[in-house]
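> Quick check, what structure comes out for this input:
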Amino acid sequence: LELVNVILFIIELVLRLIAEDSDFFLSDRRYWNGLDVLIVVVSLLEMFSEVGSTLTGNARLLRLLRITRVARVIRMLKIVAFLSSLRTLVQSILSTLRALF
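Coordinates of the predicted model:
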């Protein structure tokens with residue numbers, strides 16, 4: 001499941017980089033985009049390193065990996081906020097359509 005999640009994040013990031021070109025790092029969403037890049041990079045590091053056996057003595061790296069998991073939660077909150085706005089928009093459109101018919 002973790003591997004699928006990382007692959008989907010990478011695909012999304014690559015597609016957004018292609019679509020937005022230089023605006024990816026220059027737009028008003030650059031901080032969110034930077035957070036997404038950080039999440040993907042650290043997820044790759046986490047995936048390719050054996051956290052349980054090799055890095056148990058490195059407390060700083062383990063702390064960084066835990067922080068990135070929190071960043072993933074923040075990213076999900078961004079998506080939830082978007083979905084809430086989208087739901088409000090769809091409800092407005094549906095109520096307008098009901099008034100017309």
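> Glu2 is in contact with Met47, isn't it?
Yes: between Glu2 and Met47 there is a contact under CB atoms under 8 Å: 6.9 Å. Using the backbone N, CA and C atoms, a C-beta is placed for each residue, glycine as well.
> the more surrounded of the two?
Legend: neighbour count by other CB atoms under 10 Å for Glu2 and Met47, higher for Met47 (14 against 9).
> Assign the more buried one to helix, strand or coil.
helix (DSSP: H, G, I helix; E, B strand; the rest coil).
> State the distance from it to Leu94.
Distance, Met47 to Leu94, by CB to CB, to the nearest Å: 42 Å.
> low-scoring stretches of the protein, by residue?
Low-confidence segments of the chain (pLDDT under 70): 1, 49-59, 61-62, 64-65, 68.
> can you map out the helices along it?
In the chain, the helices defined using DSSP state H lie at 2-20, 23-26, 30-48, 59-100.
> Quick one: distance of the longest one to the chain centre.
A distance of 10 Å separates the centroid of the chain from that of helix 59-100, by CA atoms, centre = their mean, to the nearest Å.
> Which strands or helices does that helix pack on?
helix 30-48 (3 or more CB pairs under 8 Å, 6 or more residues apart in numbering; DSSP states H and E).
> Could I get the CA-only coordinates of the helix it packs on as PDB?
The C-alpha trace of helix 30-48 is given here as PDB (Å, rounded to 0.1, in the frame of the first residue of the first chain):
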ATOM      1  CA  ARG A  30       4.400  27.300  -4.700                       C
ATOM      2  CA  TYR A  31       4.500  26.500  -1.000                       C
ATOM      3  CA  TRP A  32       2.000  23.700  -1.400                       C
ATOM      4  CA  ASN A  33       3.900  22.500  -4.400                       C
ATOM      5  CA  GLY A  34       7.100  22.600  -2.400                       C
ATOM      6  CA  LEU A  35       5.400  20.600   0.400                       C
ATOM      7  CA  ASP A  36       4.400  18.000  -2.200                       C
ATOM      8  CA  VAL A  37       7.900  17.700  -3.500                       C
ATOM      9  CA  LEU A  38       9.300  17.300   0.000                       C
ATOM     10  CA  ILE A  39       6.700  14.600   0.700                       C
ATOM     11  CA  VAL A  40       7.600  12.700  -2.400                       C
ATOM     12  CA  VAL A  41      11.400  13.000  -1.800                       C
ATOM     13  CA  VAL A  42      11.200  11.900   1.800                       C
ATOM     14  CA  SER A  43       8.800   9.100   0.900                       C
ATOM     15  CA  LEU A  44      11.300   7.800  -1.700                       C
ATOM     16  CA  LEU A  45      14.100   8.000   0.900                       C
ATOM     17  CA  GLU A  46      11.900   6.200   3.400                       C
ATOM     18  CA  MET A  47      11.000   3.500   0.900                       C
ATOM     19  CA  PHE A  48      14.500   2.900  -0.300                       C
END
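> Lovely, talk soon.
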